[in-house]
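In: after the sequence you'll find the predicted model.
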Amino acid sequence: MGRTAADTEMPFLDHLEELRHRLFWIVGAIVVGVVLSFVVLSRGGFDIVAILAKPIEPYLRGRQLVFTHPGTSFSIVLNASLILGILLATPVIGYQLWGFFAPALHPHEKRIIVPVLVGMIFLFLCGVTLCYFIVLPFTLKFFMGFESSALTPMIEATQYFGFAFSMMLAFGVITPDASPTTLFALSLPLYLLYELGVALSYSVTRRRRLRDEAAAREETLAAQRESAAEAIRREPRRLGANA
């Protein structure tokens, strides 16, 4: 006999204990990811500061970003490590969330969770890449286009990297800031994503409708076959009665 939902339902305190256990794993994975990222970015010969400063270099007139606090470079590397560490911990985070919510999901819902999670990570990376290579340079060009010959750009590193990080994170979650250039630059990919969502929704709905129609036809054919078989079984009895 199969187990019913009442047989497999966990008590509320057991749910809390399981959630606590899985949150420990999630936090631990993030800590490990951040530490590994920090080691690589700070000691692995990977100059993340120089890479992130590339979009602003054409507007510095041959100079470099300036800083006014000794811990500026450390805070920049730490912020980058936090973002990269969370990305590295994403598989563990997804696995733990899946383990917690999967028992409450229907089979058809379970089939779409993994593609959705993979799609979220892919789209986040696409948004960050779009921002770094296209939107951030475009925004900087727009802002620096108002530069006056009476002003000398001495851009402070903390301000620039805070601006760059916020824009890249904003484009990873499709949440623009208040600048008109960012809103304009985001409108096209956001519209394309909207059209893609409509197309995917139509495709999923159409396949579901076709699957339901096929199932209905199969049920009808099965009923017809059962009726025909029943008629065949009764036919000899009628022949015997006529004889």
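Out: Cool, got the structure.
In: any chance you could map the helices in the protein?
Out: Per DSSP state H, the chain carries helices over the ranges 5-8, 12-43, 48-52, 72-88, 90-101, 107-130, 136-144, 157-172, 180-242.
In: now those helices as a markdown table including mean neighbour count, distance to Gly62 and mean pLDDT?
Out: Where C-beta positions appear, they are placed from N, C-alpha and C, glycine not excepted. Putting the helices of the chain into a markdown table (neighbours: other CB atoms under 10 Å; distance: least, CB to CB, whole Å; pLDDT from 0 to 100) gives the following:
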| stretch | mean neighbour count | distance to Gly62 | mean pLDDT |
| --- | --- | --- | --- |
| helix 5-8 | 8 | 68 | 45 |
| helix 12-43 | 14 | 26 | 88 |
| helix 48-52 | 16 | 15 | 84 |
| helix 72-88 | 17 | 21 | 87 |
| helix 90-101 | 16 | 40 | 86 |
| helix 107-130 | 13 | 28 | 78 |
| helix 136-144 | 17 | 14 | 86 |
| helix 157-172 | 19 | 16 | 84 |
| helix 180-242 | 11 | 25 | 72 |
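In: which one of these lies closest to Leu151?
Out: Proximity to Leu151 (CB to CB) singles out helix 136-144 among these, at 10.4 Å.
In: ok and that closest one relative to helix 157-172, angle-wise?
Out: 130 degrees (axes from the mean of the first three to the mean of the last three CA atoms, to 10 degrees).
In: output the contacting helices and strands for helix 136-144.
Out: helix 157-172, helix 180-242 (3 or more CB pairs under 8 Å, 6 or more residues apart in numbering; DSSP states H and E).
In: what about the residue positioned nearest the centre of the chain, distance to Ala216?
Out: In the chain, the centroid-proximal residue (CA atoms, centre = their mean) is Met120; its distance is 1.9 Å. Distance from Met120 to Ala216, counting by CB to CB, to the nearest Å: 34 Å.
In: do Phe67 as well
Out: According to CB to CB, Phe67 stands 69 Å off from Ala216.
In: and Ser73, by the same measure?
Out: 66 Å.
In: returning to what we had before: the helices and strands packed on helix 136-144: which one's closest to Phe142?
Out: helix 180-242 (4.7 Å).
In: nearest to Ile113, out of the helices and strands packed on helix 136-144?
Out: For the helices and strands packed on helix 136-144, proximity to Ile113 was assessed by CB to CB; helix 180-242 is nearest, at 14.4 Å.
In: per the record, what domains does this protein have?
Out: Structural domains assigned to the chain are 11-175, 180-243, following automatic domain parsing.
In: Leu52 contacts Ala164, correct?
Out: Yes - the pair Leu52 / Ala164 is scored as a contact, 5.8 Å apart, by CB atoms under 8 Å.
In: mutual contacts of these two, please.
Out: Shared contacts of Leu52 and Ala164, defined by CB atoms under 8 Å, 6 or more residues apart in numbering, are absent.
In: backbone dihedrals for His69, please?
Out: Per-residue torsions, His69: phi -130, psi 140 (degrees, to the nearest 10).
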